[in-house]
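**Student:** What follows is a predicted protein model with its sequence.
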Amino acid sequence: MTVQQFFASGQALRKWAQRTGWLGVAVWLMALAPAQAQAQVFSENFGTCAGTGATEPADTALALNPPIQVRLYSAATASCTGWTYSGPAWLAESTGGTQFPGGASKAIWLNETNGRISRTLSGLTVGHTYRLSAQAWTDNVNAPTALRVEFGPVSTMYAMAAGSGPQNVGVRVCATTTSLDMSLYESGSTESSPLVTNIRVDDLNTPCGTAVVPTSAPTPVPVSSPWMWALLCGLVCWVVARGGRLSRSAR
């Protein structure tokens, strides 16, 4: 912002204050106040999970060139701290082809029918909005499938096209307790199934009621830079001082 722009903004703000009153200016300033930054409270890319008795490599996300190649470890031999496996869920490890999304090297293959992983997330703040997000793609069967994401009271199903590569999924929920259960599982009607990794939960630092909102991709929360906020405060002080002098002159 140039000096000329700064003073032009001040003159415009003063004229607006004369029309709407200083209450209008206060409302404007509240709208410009910087939003609180979101905070990551949980993340999991399954990198510390381990297993024995790996299968032969298999191609997944068949529409990609090259596909994502993985080898699998059954839930019976895989160790993943904090997670509960149920149904045909397998630990998958990258072995070549297109890389896993987000720098991950491991994922969970939620095989049909109803392969599932779940856990409880504690330490939440009641009245805050939380976003659960993940990245998922399809397995070695070239057919559509679906991934269901459950987080507390919300349950949302994401359809996945045949052979599709990595895509973002997620939900938002208002925390009414300090602990919420999360679960991700296969929910399709074919022999295809999803793989999932890069699960994370963010506290959006926004107050909420009881509504839950599905979402497709993480959205960053903008935060004003400190020097811009200081400049804005200086502008307001200047306008207030000018307004006082004008009022005295009018009298």
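**Tutor:** Yes, it's here. Numbering: from 1, shown residues only.
**Student:** neighbours of the nearest residue to A89 once chain neighbours are set aside, just the number please.
**Tutor:** Nearest in space to A89, with sequence neighbours left out and distances taken as Cβ to Cβ, 6 or more residues apart in numbering, is G115 at 4.1 Å. All C-beta atoms are positioned from the backbone trio N, CA, C, and that covers glycine. By the criterion of other Cβ atoms under 10 Å, G115 has 21 neighbours.
**Student:** which residues does G115 contact?
**Tutor:** Taking Cβ atoms under 8 Å, 6 or more residues apart in numbering as the contact definition, G115 lies against 86-90, 109, 185-186, 193.
**Student:** Now rank those residues by neighbours and give me the top one.
**Tutor:** The residue in the contacts of G115 with the most neighbours, by other Cβ under 10 Å, is S193 (29 neighbours).
**Student:** you'd agree that one is up against N114?
**Tutor:** No: in this structure, S193 sits apart from N114 without contact. The criterion is Cβ atoms under 8 Å, and the distance is 9.5 Å.
**Student:** Quickly list what's touching both of these two.
**Tutor:** Common neighbours of S193 and N114 are listed as E186 (criterion: Cβ under 8 Å, 6+ apart).
**Student:** Now the host helix or strand of L91: average pLDDT?
**Tutor:** Under the criterion DSSP states H and E, the helix or strand holding L91 is strand 89-97. Per-residue confidence for strand 89-97 averages out to 95 on the pLDDT scale.
**Student:** cool, stretch 178-187 as well?
**Tutor:** Computed over stretch 178-187, the mean pLDDT rounds to 96.
**Student:** What are the contacting residues of it?
**Tutor:** Contact partners of stretch 178-187, identified using Cβ under 8 Å, 6+ apart, comprise 87, 108, 110-126, 130, 132, 134, 145-152, 157, 173, 193-194, 196, 199, 201.
**Student:** hmm, try it at 6 Å
**Tutor:** Identification of contacts with stretch 178-187 by Cβ atoms under 6 Å, 6 or more residues apart in numbering yields 110, 112, 114-118, 120-122, 124, 132, 146, 148-152, 157, 193, 196.
**Student:** repeat for stretch 80-96
**Tutor:** If you take Cβ under 6 Å, 6+ apart as the criterion, stretch 80-96 is touched by 49, 51, 57, 69-75, 78, 100, 105-111, 114-119, 195.
**Student:** Show me how to select, in PyMOL, the buried members of those residues.
**Tutor:** With 16 or more other Cβ atoms under 10 Å as the criterion, this PyMOL line picks the buried residues out of the contacts of stretch 80-96:
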select buried, resi 49+51+69+70+71+72+73+74+75+78+100+106+107+108+109+110+111+114+115+116+117+119+195
